[in-house]
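> model this:
(chains A and B)
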Amino acid sequence: MFRTDAPIWRSIAVIAIICVARPALGHHSFAMFDTGTQVTLTGVVTAFEWTNPHVYIELDVPDGRGVKHWTIELGSTSILMRGGWKFNTLKGGDQVSAVVNPLRNGEPGSLLSRITLPDGRVLGNGGPPPAAAPSPADANRKP
Amino acid sequence: MRTDRSTGAALILMTGLIVLLETFSSGQSSAKPGLDGAWAPFTGGRGANAALAPPPAGPLVLKPEYAKRYDAQRAADAEATKRGEPPPSAAVSCIPYGMPRMMSVASYPVEILQTPGQVTIVTEAFSEVRRVYLNQPQLPADEIPPGYYGHSVGRWENDTLIVDTFGIKESVPGYQNMPHSSQMRITERIRLVAPDVLHDQITIDDPVVLEKPVTYTLAYRKLAGYKMVEFVCENNREYIDEQGKVRLRLGGK
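As a prediction, this is how the structure comes out:
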């Protein structure tokens, strides 16, 4: 018998949600990205643009012969906030590892699937539908 | 003593009149409680109360001369998507949706504000704003400049806010991307079906394009305390190239 509140199960649940969740943007079709292919990019953030209609991560990725630059598209700020993102989640110089769906045309652009942040947290590209804010009593409660 | 009795009777009569007037005018009240606040799209699904989910949409039946081109375009868009070529659309260029599509953009919430004589609806996606003027007649067609939101008037019928919208520009993408003429009219019946669930039943009529009006319902659930997030389309990296294909402008160059 396992305890459902054990951290390992919580972590598995979070990862499952991240893997299953697709960004619900409504801004455009994602057909230009090959969502059937996943590529892992490990590199250094050169810019984190907290903007709409999409947030972007610019990433320098060492490839053995030098550095290849990649652009990673994310959801909108609103949708990312639901998934735990903040405007200052990343900054230039951060080392990250991102799993992305590359552009079908072969250019170094991609759609984020999930990312491992410098502090080890894993975030997806969005979150669940918006939820009501906690009541002031809940907000003051210590975790 | 007789004067006191007369005064009392007059007071009772006046009170009764006020109650009666309020009762009869309730259908015309400019502000009803319950709609204020942020609302998120609610589609039902597993675990949800099926009675509160939106009923299925009615059929979209275009007149034959429009149906042929519409069906061909839908098929072409589906094929292009399969090839990895998103169909070019106004949204790719960050142009707001307008009515009626602004009322259902993915999972983005809408906010309703009730003030005397007006109901204002603000969407999170693209920060679109529409204003519904209460208890006013609709303007004549030639008084409404065609636009993304047209001109909306509303009235309360008991607990239902009925909104009439006219004057949507023909270039504004329609429901299910249907074509529409300058004669398209949108009628909404907005009401609470539960204390925290709102339905917006939308009927689109267009005597030029449609064989018959199409009706569908959007459902929303209340987001108590939610603060709407700003959405300014300042960094749109997608564009439509010379071949009409959607491309992504890459950074770092």
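
> find the nearest non-adjacent residue to residue B:104, please.
residue B:218 (5.2 Å; Cβ to Cβ, 6 or more residues apart in numbering or on different chains). Glycine gets a C-beta too; all of them are placed from N, C-alpha and C.

> surely that neighbour touches residue B:102?
No - in this structure, residue B:218 is not within contact of residue B:102 by Cβ atoms under 8 Å, at 10.9 Å.

> mind pulling up the pLDDT for residue 125?
Because you didn't say which chain, this covers chain A. You'll see residue A:125 listed with a pLDDT of 95.

> try chain B instead
pLDDT, residue B:125: 96.

> same deal with the one 10 residues further on?
According to the model's per-residue confidence, residue B:135 sits at a pLDDT of 98.

> in a helix, the residue nearest to residue B:104, correct?
No - checked against DSSP: H, G, I helix; E, B strand; the rest coil, residue B:218 lies outside a helix; its state is strand.

> buried residues of stretch B:246-253, list them for me.
B:246, B:247, B:248, B:250, B:251 (16 or more other Cβ atoms under 10 Å in any protein chain shown).

> got the contact list for that stretch?
A:28-29, A:31-32, A:46-47, A:49, A:56, A:58, A:60, A:69-71, A:73, A:103, A:105, A:107-109, B:85-88, B:92, B:237-241 (Cβ atoms under 8 Å, 6 or more residues apart in numbering or on different chains).

> now, which of the residues you listed lie within strands?
A:46-47, A:49, A:56, A:58, A:60, A:69-71, A:73, A:109, B:238-240 (DSSP state E).

> farthest-separated two in those?
A:60 and B:240 (28.9 Å; Cβ to Cβ).

> how about the helices of the chain, start to end?
No chain specified, so I'll use chain A. A:7-20, A:77-82, A:136-140 (DSSP state H).

> try again with chain B
Going by DSSP H, chain B shows helices at B:2-25, B:64-82.

> in the ones in strands among the contacts of stretch B:246-253, which residue is surrounded by the most others?
Counting by other Cβ atoms under 10 Å in any protein chain shown, residue A:73 has the largest number of neighbours within the ones in strands among the contacts of stretch B:246-253, with 26 neighbours.

> where's that residue relative to residue B:173, distance?
Distance of residue A:73 to residue B:173, given as Cβ to Cβ, to the nearest Å: 23 Å.

> again with residue B:116
For residue B:116 relative to residue B:173 (Cβ to Cβ), the value is 33 Å.

> now residue B:179
9 Å.

> residues in contact with the residue nearest to residue A:54 when sequence neighbours are not counted?
Distances taken as Cβ to Cβ, 6+ apart place residue A:73 nearest to residue A:54, at 5.2 Å, with adjacent residues excluded. The contact partners of residue A:73, by Cβ under 8 Å, 6+ apart, come to A:33, A:54, A:55, A:56, A:109, A:110, A:111, A:112, B:237, B:248.

> the third one reaches residue A:77, doesn't it?
Yes - with contact defined as Cβ under 8 Å, residue A:55 reaches residue A:77; the gap is 6.2 Å.

> shared neighbours, the two?
Shared contacts of residue A:55 and residue A:77, counting by Cβ under 8 Å, 6+ apart, come down to residue A:85.

> the more surrounded of the two?
Neighbours were counted for residue A:55 and for residue A:77 using other Cβ under 10 Å; residue A:55 has more, 24 against 20.

> any idea of the pLDDT on residue A:2?
Reported pLDDT for residue A:2: 34.

> same check on the one 3 residues further on?
In this prediction, residue A:5 carries a pLDDT score of 42.

> for residue B:158, give me phi and psi.
Here is the backbone geometry of residue B:158 (degrees, to the nearest 10): phi 60, psi -110.

> for chain A, where's the lowest mean pLDDT among helices and strands?
Using mean pLDDT, DSSP states H and E, helix A:7-20 stands out as the lowest-scoring helix or strand of chain A, at a mean of 42.

> returning to what we had before: more crowded one of residue B:116 and residue B:173?
Neighbour count, other Cβ under 10 Å: between residue B:116 and residue B:173, residue B:173 has more, with 17 against 8.

> hmm, the more buried one is touching residue B:89, no?
Yes - if you go by Cβ under 8 Å, residue B:173 and residue B:89 touch, sitting 6.9 Å apart.

> bridged to the residue nearest to residue A:54, which residues?
Beta bridges link residue A:73 to residue A:56, residue A:111 when assigned by DSSP bridges.

> any idea how far it lies from residue B:145?
Relative to residue B:145, and taking Cβ to Cβ, residue A:73 is found at 36 Å.

> what of residue A:68?
From residue A:68 to residue B:145 the distance is 51 Å (Cβ to Cβ).

> neighbour-wise, which of these two wins?
residue A:68 (15 against 9).

> per-residue confidence for that one?
96.

> show the contacting residues for it.
A:60, A:61, A:62, A:108.

> and those near chain B, which?
A:60, A:108 (Cβ under 8 Å from any Cβ of the partner chain).

> what is the nearest of the contacts of residue A:68 to chain B?
residue A:108 (6.6 Å; Cβ to the nearest Cβ).

> once you drop chain neighbours, what's closest to the closest one?
residue A:70 (4.7 Å).

> from residue B:234, how far off is that neighbour?
22 Å.

> also residue B:40?
In terms of Cβ to Cβ, residue B:40 sits 24 Å off from residue B:234.

> before we move on, the earlier item: weakest of the helices of chain B in terms of mean pLDDT?
helix B:2-25 (a mean of 48).

> confidence score at the residue nearest the centre of chain B?
Centroid-nearest residue in chain B: residue B:103, 4.5 Å away (criterion: Cα atoms, centre = their mean). What the model reports as pLDDT for residue B:103 is 97.

> who's in contact with it?
B:110, B:121, B:123, B:200, B:202, B:218.
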